[in-house]
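*Asks:* Below: sequence and its predicted model.
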Amino acid sequence: MLSIDGSYGEGGGQVLRTCLSLSAITGQAFRLTRIRAGRGKPGLAAQHLTCVRAAAAVCSARVEGDALGSQDLTFRPGASHAGEYCFDVADIRPSAGSVNLILQTVLPILLWCEGPSRVVLRGGTHVPWSPSCDYVVQVFLPAVARFGVQATVALKQAGFYPRGGGEEVLGVHPSPRLTGSDFLRPAGQAGCRLVSRTTRLPAHVGERQISAMRGVLAGRVAVSGETPDEMPGPAPGTTAMVSADRSWAGCSALGVRGKPAEQVGREAAEAFLRFLGSGAAVDAHLADQLLLYAALAEGTTQLSVEAITEHARTNAWVIERFLGPRVEVAEAPGEPPVISVRGSAGHELP
């Protein structure tokens, strides 16, 4: 059994999620200690516990320590099974816990199953400190498709912080043989798409966010498409996102009470301009999300990234606990960092 220190590096939920995914795929049991030890409320929160129970359901695992606040977890995976699943953060506790972090946990596991799966995910779809549903659909899924991942996500109901209550449906087709890919070409002036999503707010809020994004990008980046959209949901909320047409990046901002719609739009657009200025092909947040797929794929994957985050370094460390040395980082003055990941011929894994 692997013993892993959950406080290592970034020390957050990413350590747990990667452990769960790789344990189910490789059959390697693990014990995770000091889970989120440095956080204000250490241990498993509702969304983390939902990830544990979701992974356990998919791979028939035996689990010890799966309780709110637990800082010590033992996970012994069994056989993974495709099928129909439903995971709701509110089953643990009413919360806007991110459904897209649950998605990150179960998607890699389901790729190695023998048939297609359909997973209903309920909780927060657009919340702080996690990718939004729009980011997953427009940035993350197209990126992992380059490895051979066949998956779709449909947003049925938006769940904004702090209420949650949103719903997404994940569809997965088995893709047990992934292939490494290069993500090296920068965005240049290829254009971008704008999304402004609102729930239970006046229509002018979404329109003002779109207008603010256009104003920041005018004369610098061509806008190839705009999506002002009003979604059903249990509580008011809004988000704005700018995503690249021909590279792998998305920059989002969330509305909160008292924050003008124009500020939401400007924050997303200004973050996108900073990404373009880096000369990279992959945004800083996507980089750590791709490492697992690169490590499971045949061949070598290279990523030209906006920045090397502590999340990325930590995720690389966890992956190497299960699969051995895989990740190298090259940094040169004036150039975006490049991450190289040596794949593990994933089709040969149990």
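*Replies:* Done, it's in. None of the values given here were measured: they were computed from a predicted structure. Numbers count the residues shown, from 1 in each chain.

*Asks:* Break down the stretch 101-250 of the chain into its strands, ranges please.
*Replies:* 117-123, 150-157, 166-173, 182-183, 192-199, 223-230, 237-244, 250-254 (DSSP state E, counting those that start in this stretch).

*Asks:* Could you export those as JSON lines, including distance to residue 50?
*Replies:* Backbone N, C-alpha and C define where each C-beta goes, glycine included. What follows is these, written out as JSON lines (distance: least, C-beta to C-beta, whole Å):
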{"stretch": "strand 117-123", "distance to residue 50": "7"}
{"stretch": "strand 150-157", "distance to residue 50": "17"}
{"stretch": "strand 166-173", "distance to residue 50": "13"}
{"stretch": "strand 182-183", "distance to residue 50": "30"}
{"stretch": "strand 192-199", "distance to residue 50": "22"}
{"stretch": "strand 223-230", "distance to residue 50": "27"}
{"stretch": "strand 237-244", "distance to residue 50": "21"}
{"stretch": "strand 250-254", "distance to residue 50": "21"}
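
*Asks:* Reformat the ones you listed as a markdown table; add mean neighbour count and mean pLDDT.
*Replies:* What follows is the strands of the stretch 101-250 of the chain, written out as a markdown table (neighbours: other C-beta atoms under 10 Å; pLDDT from 0 to 100):
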| stretch | mean neighbour count | mean pLDDT |
| --- | --- | --- |
| strand 117-123 | 23 | 98 |
| strand 150-157 | 17 | 97 |
| strand 166-173 | 21 | 98 |
| strand 182-183 | 18 | 94 |
| strand 192-199 | 25 | 96 |
| strand 223-230 | 15 | 90 |
| strand 237-244 | 27 | 96 |
| strand 250-254 | 23 | 97 |
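
*Asks:* Residue 262 is nearest to which of the ones you listed?
*Replies:* Nearest of these to residue 262, taken as C-beta to C-beta: strand 237-244 at 10.0 Å.

*Asks:* and the angle from that closest one to strand 250-254?
*Replies:* Orientation of strand 237-244 against strand 250-254 (axes from the mean of the first three to the mean of the last three C-alpha atoms, to 10 degrees) gives an angle of 160 degrees.

*Asks:* just checking, what packs against strand 237-244?
*Replies:* Packing contacts for strand 237-244, counted by 3 or more C-beta pairs under 8 Å, 6 or more residues apart in numbering; DSSP states H and E, involve helix 133-135, strand 192-199, helix 203-217, strand 250-254, helix 261-278.

*Asks:* Now distance to residue 286 too, for the ones you listed, in JSON lines please.
*Replies:* Below are those laid out as JSON lines (distance: least, C-beta to C-beta, whole Å):
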{"stretch": "helix 133-135", "distance to residue 286": "8"}
{"stretch": "strand 192-199", "distance to residue 286": "15"}
{"stretch": "helix 203-217", "distance to residue 286": "20"}
{"stretch": "strand 250-254", "distance to residue 286": "8"}
{"stretch": "helix 261-278", "distance to residue 286": "10"}
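
*Asks:* To residue 149, which of the ones you listed lies closest?
*Replies:* Closest among these, using C-beta to C-beta: helix 133-135, at 15.8 Å.

*Asks:* now what about that closest one, what contacts it?
*Replies:* With contact meaning C-beta atoms under 8 Å, 6 or more residues apart in numbering, helix 133-135 is reached by 99-100, 125-126, 153, 155, 158, 166, 168, 195, 197, 239, 241, 243, 250, 252.

*Asks:* coming back round to it: quick one: closest of the helices and strands packed on strand 237-244 to residue 56.
*Replies:* helix 133-135 (24.2 Å).

*Asks:* How far away from the center of its chain is the closest one?
*Replies:* 9 Å (C-alpha atoms, centre = their mean, to the nearest Å).

*Asks:* Mean confidence (pLDDT) on it, please.
*Replies:* Mean pLDDT, computed over helix 133-135, is 96.

*Asks:* and if you look at stretch 328-345?
*Replies:* pLDDT averaged over stretch 328-345 gives 92.

*Asks:* in that stretch, what's buried?
*Replies:* 336, 337, 338, 339, 340, 341, 342, 343, 344 (16 or more other C-beta atoms under 10 Å).

*Asks:* For residue 117, give its distance to residue 322.
*Replies:* Distance, residue 117 to residue 322, using C-beta to C-beta, to the nearest Å: 22 Å.

*Asks:* Show me where the stretch 51-200 of the chain dips below the pLDDT cut-off.
*Replies:* Applying pLDDT under 70 to the stretch 51-200 of the chain picks out residues 186-190.

*Asks:* can you pull out the helices in it?
*Replies:* Using DSSP state H, counting those that start in this stretch, the helices of the stretch 51-200 of the chain run over 99-111, 133-135, 141-145.

*Asks:* Let me know which of these is the nearest to residue 213.
*Replies:* helix 133-135 (13.3 Å).

*Asks:* List the beta-bridge partners for the closest residue to residue 157 other than its chain neighbours.
*Replies:* Excluding its sequence neighbours, the residue lying closest to residue 157 (C-beta to C-beta, 6 or more residues apart in numbering) is residue 167, at 4.5 Å. For residue 167, the beta-bridge partners under DSSP bridges are residue 122, residue 157.

*Asks:* Now for residue 317: which residues touch it?
*Replies:* Per C-beta under 8 Å, 6+ apart, neighbours of residue 317: 8, 9.
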